[in-house]
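S.K.: no sequence on hand, only this structure:
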């Protein structure tokens with residue numbers, strides 16, 4: 001596998017050199033970009049012209065990762081040329097399907113093939129139910145096919161996100177890339193690092209990803225009580241205080257982040273489902289554990305593949321982690337570098353949700369507030 005990575009910033013243009021090192025050999029280009037950068041159409045046209053035979057996948061972010069640097073208002077383009085692996089793109093307008101589950105189901109059907117080994121999925125970050133999208137994929141793909149990816153971001157604004165193929169921006173899309181062949185080795189890991197606080201409460205009223213009541217009381221009212229001075233900064237401040245959600249049977253918990261609040265109806269909308277009868281508990285940041293979580297996610301990918309350091313690592317971390325770590329944000333990326341070593345190419349972004357299995361034997365799930373890593377190597 002050959003990799004060509006470039007980064008654009010307003011002050012330096014493309015570095016370390018203009019895109020196009022792989023030219024017509026590139027099959028896939030992953031371009032992670034801020035929403036303001038996407039307002040410069042010449043950048044995507046340049047990428048499209050530099051890699052004329054590649055599928056150009058563009059995803060807006062809440063921060064771009066290139067090596068061990070985290071940037072805002074940049075474009076990180078990573079071009080891939082596989083020796084033995086075939087790739088296939090699928091793009092679905094959310095307006096063409098009735099719900100997020102059907103979007104996942106349709107994508108699974110369009111990508112299905114006997115030699116499919118992995119699906120990389122990126123979705124609009126504000127108009128999708130990530131839980132349902134993942135369920136549609138998992139329910140209609142073989143268990144042997146791994147699924148990872150993330151939800152697009154828009155900084156800390158939560159106004160508009162973009163995911164699309166080609167040089168022309170589009171909103172409200174779900175895109176996927178199928179990887180086919182026996183030579184590709186995929187690793188994945190996903191860990192958080194948040195500490196729970198306060199009592200665990202029963203979810204007594206919800207509708208998929210919209211939460212109404214905890215313990216029979218207004219969920220938004222209880223949430224504001226615990227946030228204190230941060231309540232006036234909702235919904236952005238909710239990224240600092242996610243919920244951990246588990247079933248009554250005590251299954252492994254998942255973390256959920258607030259995307260929006262409705263003062264009139266006293267509800268909170270999350271990136272994934274909060275089923276009635278499950279239990280929810282607030283969480284808060286622990287700086288050292290957040291960084292340790294990134295390290296552990298990197299170690300998990302190596303343990304899964306058992307094939308040495310990977311050629312490419314895609315890092316998708318939650319915008320909430322970025323808001324908490326602030327000037328220490330690059331520490332979590334540097335911790336990943338320490339595990340993989342200097343030869344692994346690192347690319348990725350800060351997201352509104354992360355898609356990955358929790359463990360090697362488990363199916364893909366939507367996560368919030370995690371560092372999720374997908375590694376790719378060819379034998």
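M.R.: Great, that's in hand. Only a predicted model underlies this, so the values are computations on that prediction, with no experimental measurement involved.

S.K.: following the longest helix along the chain, which helix or strand comes up?
M.R.: The residue-count maximum for a helix in the chain (DSSP state H) belongs to helix 287-305. Per DSSP states H and E, the first helix or strand lying C-terminal to helix 287-305 is strand 312-318.

S.K.: pLDDT on the longest helix of the chain, on average?
M.R.: What helix 287-305 shows for mean pLDDT is 88.

S.K.: ok, stretch 322-331 next?
M.R.: On average, stretch 322-331 scores 88.

S.K.: same check on stretch 336-351?
M.R.: 96.

S.K.: what's the first-to-last distance across it?
M.R.: This stretch, stretch 336-351, spans 17 Å end to end (CA to CA, to the nearest Å).

S.K.: and for stretch 247-257?
M.R.: End-to-end distance (CA to CA), stretch 247-257: 17 Å.

S.K.: how far is that stretch from where the chain is centred?
M.R.: On the basis of CA atoms, centre = their mean, to the nearest Å, stretch 247-257 sits 19 Å off its chain's mean C-alpha point.

S.K.: buried ones in it?
M.R.: Using 16 or more other CB atoms under 10 Å as the test for burial, stretch 247-257 gives 253-257. From N, CA and C alone the C-beta is placed, and that goes for glycine too.

S.K.: first-to-last residue distance for stretch 313-332?
M.R.: 14 Å.

S.K.: give the contact list for the residue most central in space within the chain.
M.R.: The centre of the chain sits closest to residue 150, judged by CA atoms, centre = their mean, with a distance of 2.3 Å. Going by CB atoms under 8 Å, 6 or more residues apart in numbering, residue 150 touches 59, 121-123, 316, 349, 351-355, 372.

S.K.: one more time with 6 Å
M.R.: Going by CB atoms under 6 Å, 6 or more residues apart in numbering, residue 150 touches 316, 351, 354-355.

S.K.: which one of those residues sits in the busiest neighbourhood?
M.R.: Neighbour counts for the contacts of residue 150 peak at residue 351, which has 34 neighbours (criterion: other CB atoms under 10 Å).

S.K.: report the residue ranges of every domain in the protein.
M.R.: What automatic domain parsing lists as the domains of the chain is 2-191+288-378, 194-283.

S.K.: from these, which stretch is densest packed?
M.R.: domain 2-191+288-378 (a mean of 20; mean count of other CB atoms under 10 Å).

S.K.: would you map the helices across the stretch 51-200 of the chain?
M.R.: 100-111, 130-139 (DSSP state H, counting those that start in this stretch).

S.K.: and the contacts of stretch 354-373?
M.R.: 121, 130-131, 134, 138, 147-150, 188-190, 192, 194, 242, 255-257, 271-272, 293-294, 297-298, 301, 304, 313, 315-318, 320, 353.

S.K.: ranking the domains of the chain by mean pLDDT, which is last?
M.R.: Among the domains of the chain, domain 194-283 carries the lowest mean pLDDT (a mean of 89).

S.K.: what's the span of it, first residue to last?
M.R.: Domain 194-283: ends 6 Å apart by CA to CA.

S.K.: in the stretch 101-250 of the chain, which spans are strands?
M.R.: 116-123, 146-151, 163-165, 173-180, 184-191, 194-207, 210-214, 217-218, 243-246 (DSSP state E, counting those that start in this stretch).

S.K.: CSV for these, including distance to residue 237?
M.R.: Listed next are the strands of the stretch 101-250 of the chain as CSV, based on distance: least, CB to CB, whole Å:
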stretch, distance to residue 237
strand 116-123, 24
strand 146-151, 19
strand 163-165, 26
strand 173-180, 28
strand 184-191, 23
strand 194-207, 15
strand 210-214, 16
strand 217-218, 18
strand 243-246, 14
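
S.K.: between those, which one is closest to residue 289.
M.R.: strand 194-207 (6.9 Å; CB to CB).

S.K.: direction included, what does that closest one pair up with?
M.R.: strand 210-214 (antiparallel), strand 279-285 (antiparallel) (DSSP bridges).

S.K.: which one of those lies nearest to residue 3?
M.R.: From the strands paired with strand 194-207, taking CB to CB, the stretch that ends up closest is strand 279-285, at 33.2 Å.

S.K.: and of the helices of the stretch 51-200 of the chain, who's closest to residue 50?
M.R.: helix 100-111 (26.5 Å).

S.K.: can you pull the contacts of the closest residue in space to residue 37 that isn't next to it in sequence?
M.R.: Of all residues not flanking residue 37 in the chain, residue 75 sits nearest, at 5.1 Å (CB to CB, 6 or more residues apart in numbering). By CB under 6 Å, 6+ apart, the contact list for residue 75 reads 8, 33, 37, 43.

S.K.: the third one and residue 309, how far apart?
M.R.: What it means is residue 37. With the distance defined as CB to CB, to the nearest Å, residue 37 ends up 30 Å from residue 309.

S.K.: also the last one?
M.R.: From residue 43 over to residue 309 the distance is 31 Å, taken as CB to CB.

S.K.: and for residue 240?
M.R.: From residue 240 to residue 309 the distance is 34 Å (CB to CB).

S.K.: what of residue 119?
M.R.: In terms of CB to CB, residue 119 sits 24 Å off from residue 309.

S.K.: no further queries at this time; thank you.
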